[in-house]
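>>> Sharing a model prediction with you, sequence too.
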Amino acid sequence: MKKTKGRKRWIWLGISTVILVLIIYNLRHNPEWRNFDWGRLWASLVSAQPGLLLVALAGVFLTYLIRALRWQFLMHPIKKGSLWVLLVGQFLGFSSIYLVGRPGEFVRPAYIARKESLPITSMVAVWLMERICDTICLVVLFSVVLYFAPVGMSSAGKNVLSVMHKAGDAMLVVTIILVAGLVVYRLKTQVLMDWTLRMARFLPQSIQRHLEHFLHSFAEGLQVVRSLPDFAGSVVLSVVLWGTNATVFWLTLRSLGGTLGEFAWLAAALVLFCASLGLVVQFPGIGGGYQVGIILALTEIFGVGADVSTGAAILLWLMMSVPVLLVSLGLLVHEGLSFKRLEAITEEEEEEMEEEAATKGAE
């Protein structure tokens, strides 16, 4: 299993490398980048207003508390989780993503399952619901931003925005269909599961087992829909979370002064959306796609200089990752753990999930 996991990690890293190289290659051939000024980049960073950065930093930590509270609502139909365990799980989980990339996603459900003595499948189900909530909120935020069209765009940015409007409309329609599908799946879980598995009989047995396991986990995560207060709480917290994330971006960008010092909140929200898309392509420890998403949004949509945009991307990445990594190191000491031990726990929980899936498939 370790060999398979390592192979997948290298494959994902290779794909990310190719995508980022192509993006950077195209950027370098843009006339704007030929006049890149490193001195201007440095000047924008050192002149950042510390007061705004401190408020933004408080917002960063607040997002982790909100995530922990939301996780508590999502898992309430299974068990009332400890807020402290859930908060620690958020910090350690996202730190793992910053350090090892997307493969670190599984740390949160694995850590929380171990600390709360729960089946790993139930926490993976909660993680799936969390990701669905995040996706829906991001699409809605994107649609709101496009509807109100943030001011301060370049003429080229307005052309980009017109194209994004069409994409936003399509994404909103898909999101509405997704939400409707979730409700139908929750009401007709067993019927839809049986139908899906019948349609998948042509697939190899191993794939059928994993599909059945995924459908069971997905259905388990949708238990929150049974309780209106829990469901409403998770939705409200999701909205507050992404509003806070956008505010962190807004404060950080405004701290740099100049053109960015006049940035509107909706404009910062659009930059956040582009950065979130970039998270799909990440290099362990240095990000990559996240910063590229920010740079592209600032240069191509708002006409900000390449050097200032790069400085903003670096500052935002540092604000979102470094404080969390430092707190996580302290939490690891407090919990008597290390990142190596955390990885071992994750692998043990993954193996348990694989064994459970194989057992259900054999039955």
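Done, it's in.
>>> For L182, see how far away A267 is.
Distance from A267 to L182, counting by Cβ to Cβ, to the nearest Å: 31 Å. Where you see a C-beta, it was placed from the backbone N, CA and C, and this is true even at glycine.
>>> Please apply the same query to A48.
Plainly put, A48 is 42 Å away from L182 if you go by Cβ to Cβ.
>>> which one of these two has more residues nearby?
Ranked by neighbour count (other Cβ atoms under 10 Å), A48 and L182 place A48 first, with 20 against 17.
>>> which residues touch the more buried one?
The neighbours of A48, taking Cβ atoms under 8 Å, 6 or more residues apart in numbering as the test, are 255-257, 315.
>>> one more time with 10 Å
Contacts for A48 were tallied using Cβ atoms under 10 Å, 6 or more residues apart in numbering; they are 252-257, 260, 311-312, 315, 319.
>>> Look at it and give its secondary structure.
Three-state secondary structure (criterion: DSSP: H, G, I helix; E, B strand; the rest coil) places A48 in coil.
>>> mind checking pLDDT for it?
Turning to A48, the model gives it a pLDDT of 81.
>>> one step back: buried ones only from the contacts of A48, please, as a ChimeraX command.
The ChimeraX command for the buried members of these (criterion: 16 or more other Cβ atoms under 10 Å) is given here:
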select :252,253,254,255,256,260,311,312,315,319
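>>> Mind telling me the two of the contacts of A48 farthest from one another?
Of all pairs drawn from those, the greatest distance, 16.0 Å, lies between G257 and M319 (Cβ to Cβ).
>>> so where is the stretch 1-150 of the chain shaky, pLDDT-wise?
Counting by pLDDT under 70, the low-confidence segments of the stretch 1-150 of the chain come to 1-45, 101-103, 149-150.
>>> repeat that with 90
Low-confidence regions of the stretch 1-150 of the chain, defined here as pLDDT under 90, cover residues 1-48, 74-81, 93-107, 109-110, 113-114, 116-150.
>>> got it, and the stretch 251-363 of the chain?
The low-confidence ranges in the stretch 251-363 of the chain, as defined by pLDDT under 90, are 256-264, 267, 273-315, 317-322, 329, 332-363.
>>> which helices and strands does the helix or strand harbouring L65 pack with?
Using DSSP states H and E, the secondary-structure element containing L65 is helix 50-75. The contact analysis (3 or more Cβ pairs under 10 Å, 6 or more residues apart in numbering; DSSP states H and E) places helix 50-75 against helix 83-100, helix 107-116, helix 120-148, helix 228-255, helix 306-335.
>>> list the helices and strands the first one packs on?
Read that as helix 83-100. When contacts are defined as 3+ Cβ pairs under 10 Å, 6+ apart, helix 83-100 packs onto helix 50-75, helix 107-116, helix 120-148, strand 282-283, helix 306-335, helix 339-362.
>>> for the third one, same thing?
Counting contacts by 3+ Cβ pairs under 10 Å, 6+ apart, the secondary-structure elements packed against helix 120-148 are helix 50-75, helix 83-100, helix 107-116, helix 155-187, helix 205-221, helix 228-255, helix 265-278, helix 339-362.
>>> ok, now the shortest one?
Counting contacts by 3+ Cβ pairs under 10 Å, 6+ apart, helix 107-116 packs against helix 50-75, helix 83-100, helix 120-148, helix 339-362.
>>> And N245, how far from H216?
Computed as Cβ to Cβ, the N245 to H216 distance reads 32 Å.
>>> Look at those two and report which has more neighbours.
Using other Cβ under 10 Å, the more surrounded residue of N245 and H216 is N245, with 25 against 17.
>>> That one contacts W265, doesn't it?
No - judged on Cβ atoms under 10 Å, N245 makes no contact with W265 at a distance of 11.7 Å.
>>> what's near enough to touch A246?
Contacts for A246 were tallied using Cβ under 10 Å, 6+ apart; they are 59, 141, 145, 265-273.
>>> Which among those residues count as buried?
Neighbour-count burial within the contacts of A246 applies to 59, 141, 145, 266-273; the criterion is 16+ other Cβ under 10 Å.
>>> now those residues in TSV, with distance to I112?
Shown next, in TSV, are the buried ones among the contacts of A246 (distance: Cβ to Cβ, whole Å):
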residue	distance to I112
G59	24
L141	27
V145	33
L266	35
A267	36
A268	31
A269	29
L270	33
V271	31
L272	26
F273	28
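>>> ok, G336 - how many residues close by?
7.
>>> That one and P204, how far apart?
Using Cβ to Cβ, we find G336 at a distance of 42 Å from P204.
>>> go on, L342?
In this structure, L342 lies at 33 Å from P204, with Cβ to Cβ as the measure.
>>> neighbour count winner among these two?
Of the pair L342 and P204, L342 is the one with more neighbours under other Cβ under 10 Å, namely 22 against 9.
>>> wait, what's in contact with the more buried one?
Applying Cβ under 10 Å, 6+ apart, we find L342 in contact with 92-93, 95-96, 104, 107, 110-111, 114, 328, 332, 335.
>>> Go through these and single out the one with the most neighbours.
Ranked by neighbour count (other Cβ under 10 Å), those have A110 at the top, with 29 neighbours.
>>> how far away is that one from T346?
If you measure A110 against T346 using Cβ to Cβ, the figure is 4 Å.
>>> Need the overlap of contacts for these two.
Contact criterion Cβ under 10 Å, 6+ apart; residues bridging A110 and T346 by contacting each: 93, 96, 120.
>>> Closest one of those residues to S238?
Within the shared contacts of A110 and T346, distances to S238 taken as Cβ to Cβ reach their minimum at G93, with 17.0 Å.
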